[in-house]
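Engineer: Please find the sequence and the predicted model below.
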Amino acid sequence: MDPHLPQSRERSRFEPSADSVVFVVDDDDAVREGLQNLLTSADFLVRTFSNADDFLASAHVESPGCLVLDVHLPHLNGLELQTRLAARGDLLPIIFLTGIGDIPMTVQAMKAGAVDFFTKPFQPAELLTAVRRAIEHSRKARNCLAELVELQCRYATLTPRERAVMDEVASGKLNKQIAHDFGTKEFTVKEQRAKMMEKMQVASVAELVKVAVRLGNR
């Protein structure tokens, strides 16, 4: 067990979900083992890697989770791995660990989206709380992404005219105003509007505006 890594059998006050996983990337065997023991003792599912390259090659994130990442790694360091993950749109929250961390490094990591940063030695309970918080952040982010994908799928079912009607309705125009803009009858717009609302699964203009904002149409 690494002397910089505190030992604890203390359980997190949170109950981790069975569908979440904590990834650990650290090139120190003792630290890696210590982190695995600590996290496993709190009932987290843990996967460990000795370097960033192995993590990138084999870690496929298909469920909520987080990454406990050492800053100083051979070849590809922790900050570089953070950049790689961001470039490929990975939603995995990162908790950084370092034995020689400095303020500029911390600022760089946090500005790039890290959820926490610990300098060894750290308090086990604090790390466990940070991990749980990161996993909850991951779960919310994944839910938001799933909701957005669902909205995009609904939007894809609209005809070009229905999309145009949606834009007009979301901008606050009435049926007769839209009919005037399109050079068509108000009754036709009313039918197109009803079909559009049904396909988008919204029951009010307020809901439609929220959907349009999520889709970037407003």
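Structural biologist: That came in fine, so what should we check first? Residues are numbered from 1 along each chain as shown.
Engineer: Longest helix of the chain, counting residues only.
Structural biologist: In the chain, taking DSSP state H as the definition, the longest helix is helix 124-156.
Engineer: Now it: buried residues?
Structural biologist: Of the residues in helix 124-156, 124, 127-128, 130-139, 142, 151, 154-155 count as buried by neighbour count, 16 or more other C-beta atoms under 10 Å. Backbone N, C-alpha and C define where each C-beta goes, glycine included.
Engineer: Centre of the chain to it, how far?
Structural biologist: 5 Å (C-alpha atoms, centre = their mean, to the nearest Å).
Engineer: Low-confidence stretches in this structure?
Structural biologist: Screening the chain residue by residue with the criterion pLDDT under 70, one finds the ranges 1-19, 59, 61, 101-102, 218.
Engineer: can you map out the strands along it?
Structural biologist: Remark: strands assigned in the chain by DSSP state E are 21-25, 46-49, 65-70, 94-98, 116-119.
Engineer: other SSEs contacting the first one?
Structural biologist: When you say that, I think you mean strand 21-25. If contacts are counted by 3 or more C-beta pairs under 8 Å, 6 or more residues apart in numbering; DSSP states H and E, strand 21-25 sits against helix 29-41, strand 46-49, helix 52-58, strand 65-70.
Engineer: got the buried residues for the first one?
Structural biologist: Neighbour counts using 16+ other C-beta under 10 Å place Val31, Arg32, Glu33, Gly34, Leu35, Gln36, Leu38, Leu39, Ser41 of helix 29-41 among the buried residues.
Engineer: Let me have the residues you listed in CSV, adding distance to Thr159 as columns.
Structural biologist: Putting those into CSV (distance: C-beta to C-beta, whole Å) gives the following:
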residue, distance to Thr159
Val31, 58
Arg32, 55
Glu33, 59
Gly34, 59
Leu35, 54
Gln36, 54
Leu38, 56
Leu39, 51
Ser41, 57
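Engineer: So the residue of the chain most remote from its centre versus Asn175, what's the distance?
Structural biologist: For the chain, the largest distance from the centre (C-alpha atoms, centre = their mean) belongs to Lys185, which lies 45.1 Å off. Applying C-beta to C-beta, to the nearest Å, one obtains 10 Å for the distance of Lys185 from Asn175.
Engineer: Between the buried residues of helix 29-41, which sits nearest Arg161?
Structural biologist: For the buried residues of helix 29-41, the closest approach to Arg161 (C-beta to C-beta) belongs to Leu39, at 54.2 Å.
Engineer: Report the contact partners of that closest one.
Structural biologist: Remark: with contacts taken as C-beta atoms under 8 Å, 6 or more residues apart in numbering, Leu39 is in contact with Val22, Val24, Val46, Val68, Leu128, Val131.
Engineer: Of all pairs in those residues, which one spans the longest distance?
Structural biologist: Among the contacts of Leu39, the pair separated by the greatest distance (C-beta to C-beta) is Val24 and Leu128, at 13.2 Å.
Engineer: domains in this protein, as residue ranges please.
Structural biologist: Listed domain ranges for the chain are 21-145, 157-214 (source: automatic domain parsing).
Engineer: In a markdown table: the helices and strands packed on strand 21-25, plus distance to Met196.
Structural biologist: Compiled in a markdown table, the helices and strands packed on strand 21-25 are given as follows (distance: least, C-beta to C-beta, whole Å):
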| stretch | distance to Met196 |
| --- | --- |
| helix 29-41 | 48 |
| strand 46-49 | 45 |
| helix 52-58 | 43 |
| strand 65-70 | 38 |
